[in-house]
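Visitor: heads up, no residue letters with this:
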């Protein structure tokens with residue numbers, strides 16, 4: 001029996017590309033350093049002294065000198081300037097030497113570059129599997145997609161030998177960004193926000209899971225039924241007695257808890273994206289064309305969530321026959337493929353507009369100075385410089401908050417397409433014929449006896465049999481239910497968090 005075949009070749013080639021080429025060419029670095037981003041530089045002490053008319057102290061006390069030599073800032077280096085001091089910030093193009101020392105830069109680079117490599121593996125696997133369909137083999141591209149999902153969400157301590165060019169030991173993205181709000185003593189408000197949104201999303205998810213599937217196409221009921229039947233059949237075939245899997249209520253509550261976790265993790269990324277969108281719209285007020293794309297980019301996740309509402313989208317496109325037409329606009333297979341294609345298109349649009357949003361964030365430094373000029377009083381030179389430098393220092397954190405939800409939604413959709421056994425060609429299906437093959441009943445294929453002499457062959461056959469047993473339990477309907485709902489919920493939380501941030505931003509702007 002052939003095991004894996006060309007998929008191993010694709011994965012090995014991609015691993016070699018990561019190791020040899022990844023250190024020289026990085027899409028993550030290109031997005032930051034080759035898209036025209038401009039950062040603002042804080043004024044030096046001498047410039048501030050000259051502008052504020054502060055005389056330079058020539059005689060330094062020995063105590064201050066000792067403090068300076070021990071790594072402390074001497075009192076002679078700290079002086080006060082008026083808050084309404086009139087000066088212009090100098091700008092500079094973002095270079096690679098500027099970003100490599102930023103906080104979370106390695107995590108940002110690893111996540112985005114690994115996502116690009118995983119997408120290449122997925123595309124190549126899809127092309128090859130179109131001409132040489134997979135039979136009894138595991139789809140290795142799903143392993144790559146699963147790694148992206150895990151890296152985007154949960155903290156890991158992984159040492160890559162194959163991916164040594166990335167030079168990163170720890171992987172902690174959305175969860176670790178959220179944990180930052182629980183580690184400091186000054187983050188009481190942020191902690192409260194995360195906790196409140198967690199329980200709010202938990203309540204909302206439990207309410208959504210009670211909606212009839214005739215209205216919201218989650219596919220969870222069919223997935224539970226299929227898993228229940230296949231699991232009982234599998235256990236009986238192996239002589240095991242079981243009352244079946246957990247009750248539907250327990251499973252749905254577990255799913256609701258997962259939904260609440262995702263919603264809580266998306267809270268501050270959504271608030272950040274809403275602020276950047278608000279600033280981007282104000283900055284491009286002269287360009288209606290760019291403003292249209294920015295607004296479309298912001299509202300696109302909302303339209304994606306509507307595609308899972310049967311009365312709103314699927315009924316009109318696949319059931320209703322309009323005037324002067326004999327059949328609906330598209331078949332159910334074409335509609336299912338359309339949802340996945342639109343998710344990919346929205347993700348590509350968001351990635352394309354990412355430089356505009358990051359530049360809107362970098363412009364915060366200039367806006368802070370403009371707001372400070374309208375204030376009275378004095379401020380130290382170090383506080384003023386820190387206020388400007390902190391914006392650029394957290395740029396990679398903002399980039400992660402922008403990218404991680406996008407990747408999570410994209411790779412859930414790709415896993416939904418592949419494990420749900422959908423086809424890209426179904427998008428052009430206009431005949432109304434269901435092209436999905438009927439699933440083979442569990443155990444219909446004879447098991448090949450294990451080899452006794454060749455240990456390598458025996459190990460390969462054992463892996464193949466284990467994969468076959470897993471596929472008998474985790475059927476196509478189970479995959480469609482789990483990953484279909486995961487795709488829909490990430491799109492929903494993606495939009496809900498950013499919409500909440502936009503409401504918050506517009507309210508406080510008016511106040």
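Guide: That came through, no problem. Remember, it's a predicted structure, so these values are computed and weren't measured experimentally. Numbers count the residues shown, from 1 in each chain.

Visitor: Can you identify each of the strands in this structure by residue range?
Guide: Assigned by DSSP state E, the strands in the chain fall at 38-41, 80-82, 90-93, 156-157, 170-171, 378-380.

Visitor: Which one, of the ones you listed, ends up nearest to residue 391?
Guide: Residue 391 lies closest, by CB to CB, to one member of those: strand 38-41, at 7.3 Å. Placement of C-beta: from N, CA and C, glycine included.

Visitor: Turn the strands of the chain into a markdown table, columns for mean neighbour count and distance to residue 504.
Guide: Output for the strands of the chain, formatted as a markdown table (neighbours: other CB atoms under 10 Å; distance: least, CB to CB, whole Å):
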| stretch | mean neighbour count | distance to residue 504 |
| --- | --- | --- |
| strand 38-41 | 17 | 25 |
| strand 80-82 | 17 | 32 |
| strand 90-93 | 12 | 29 |
| strand 156-157 | 12 | 32 |
| strand 170-171 | 18 | 30 |
| strand 378-380 | 14 | 27 |
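
Visitor: right, and these - which one's nearest residue 343?
Guide: Taking these one by one with CB to CB, strand 170-171 is closest: 24.2 Å.

Visitor: mean confidence for the closest one?
Guide: Computed over strand 170-171, the mean pLDDT rounds to 42.

Visitor: now stretch 313-326
Guide: Mean predicted lDDT for stretch 313-326 stands at 83.

Visitor: Then stretch 10-29?
Guide: Mean pLDDT, taken over the full extent of stretch 10-29, equals 82.

Visitor: Quick check: end-to-end length of that stretch?
Guide: One end of stretch 10-29 sits 25 Å from the other (CA to CA, to the nearest Å).

Visitor: how about that stretch: buried residues?
Guide: 10-11, 14-15, 18-19, 22, 26, 28-29 (16 or more other CB atoms under 10 Å).

Visitor: Could you do stretch 253-271 as well?
Guide: In stretch 253-271, counting by 16+ other CB under 10 Å, buried: 253, 255-256, 259-271.

Visitor: can you tell which of the strands of the chain is closest to residue 227?
Guide: Closest to residue 227 of these, according to CB to CB: strand 156-157, at 27.8 Å.

Visitor: so how far is residue 425 from residue 411?
Guide: To residue 425, residue 411 is 21 Å away according to CB to CB, to the nearest Å.

Visitor: and the two? which has more neighbours close in?
Guide: Neighbour count, other CB atoms under 10 Å: between residue 411 and residue 425, residue 411 has more, with 28 against 12.

Visitor: residues touching residue 113, list them.
Guide: By CB atoms under 8 Å, 6 or more residues apart in numbering, the residues touching residue 113 are 18, 22, 26-28, 166.

Visitor: List just the nearest of the buried residues of stretch 10-29 to residue 495.
Guide: Proximity of the buried residues of stretch 10-29 to residue 495 (CB to CB) peaks at residue 28, which lies at 25.0 Å.

Visitor: I'd say that closest one and residue 109 touch.
Guide: Yes. The criterion here is CB atoms under 8 Å, and residue 28 meets it with residue 109 at 4.2 Å.

Visitor: and the strands of the chain, which one is worst for confidence?
Guide: Lowest mean pLDDT within the strands of the chain: strand 156-157, a mean of 38.

Visitor: Now for the residue lying closest to residue 417 once chain neighbours are set aside: which residues touch it?
Guide: Excluding the flanking residues, the one nearest residue 417 by CB to CB, 6 or more residues apart in numbering is residue 340, at 4.8 Å. Residue 340 makes contacts with 413-414, 416-417, 422, as judged by CB under 8 Å, 6+ apart.

Visitor: ok, now residue 56?
Guide: Taking CB under 8 Å, 6+ apart as the contact definition, residue 56 lies against 46, 49.

Visitor: Need the pLDDT of it.
Guide: Residue 56 carries a pLDDT value of 73.

Visitor: Give me the distance between it and residue 385.
Guide: From residue 56 to residue 385 the distance is 17 Å (CB to CB).

Visitor: Equivalent analysis for residue 250, please.
Guide: Distance of residue 250 to residue 385, computed by CB to CB: 55 Å.

Visitor: From the neighbour counts alone, determine which of these two ranks first.
Guide: residue 385 (16 against 10).

Visitor: what's that one in contact with, if anything?
Guide: Neighbour list for residue 385: 42-43 [criterion: CB under 8 Å, 6+ apart].

Visitor: coming back round to it: could you single out the nearest of the contacts of residue 340 to residue 142?
Guide: Nearest member of the contacts of residue 340 to residue 142, counting by CB to CB, is residue 414, at 8.5 Å.

Visitor: what number of residues lie near that closest one?
Guide: Neighbours of residue 414 (other CB under 10 Å): 26.

Visitor: And for residue 48?
Guide: A count of neighbours around residue 48, defined by other CB under 10 Å, yields 20.

Visitor: and it, how far is that from residue 370?
Guide: Here residue 48 is placed at a distance of 17 Å from residue 370 (CB to CB).

Visitor: What of residue 231?
Guide: Residue 231 is 63 Å from residue 370, where distance means CB to CB.

Visitor: ditto for residue 411
Guide: Residue 411 sits 40 Å away from residue 370, going by CB to CB.

Visitor: Low-confidence regions, the stretch 201-350 of the chain specifically.
Guide: Within the stretch 201-350 of the chain, the stretches with pLDDT under 70 are 234-235, 237-246.

Visitor: what's around residue 207, how many residues?
Guide: By other CB under 10 Å, 10 other residues sit near residue 207.

Visitor: Can you point out the buried residues in stretch 415-422?
Guide: Neighbour counts over stretch 415-422 (16+ other CB under 10 Å) mark 415-420, 422 as buried.

Visitor: Now tell me what touches that stretch from outside.
Guide: Residues from elsewhere that reach stretch 415-422 (CB under 8 Å, 6+ apart): 122, 126, 139, 141-142, 145-146, 149, 333, 336-337, 340, 424, 436, 476, 479-480, 483-484, 486-487.

Visitor: Would you write a PyMOL line that selects the buried entries of those?
Guide: Selection of buried members from the contacts of stretch 415-422 for PyMOL, criterion 16+ other CB under 10 Å:
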select buried, resi 122+126+139+141+142+145+149+333+336+337+340+476+479+480+483+484+486+487
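
Visitor: Neighbours of residue 499, how many?
Guide: Number of residues near residue 499 (other CB under 10 Å) recorded here: 16.

Visitor: Thanks a lot, catch you later.
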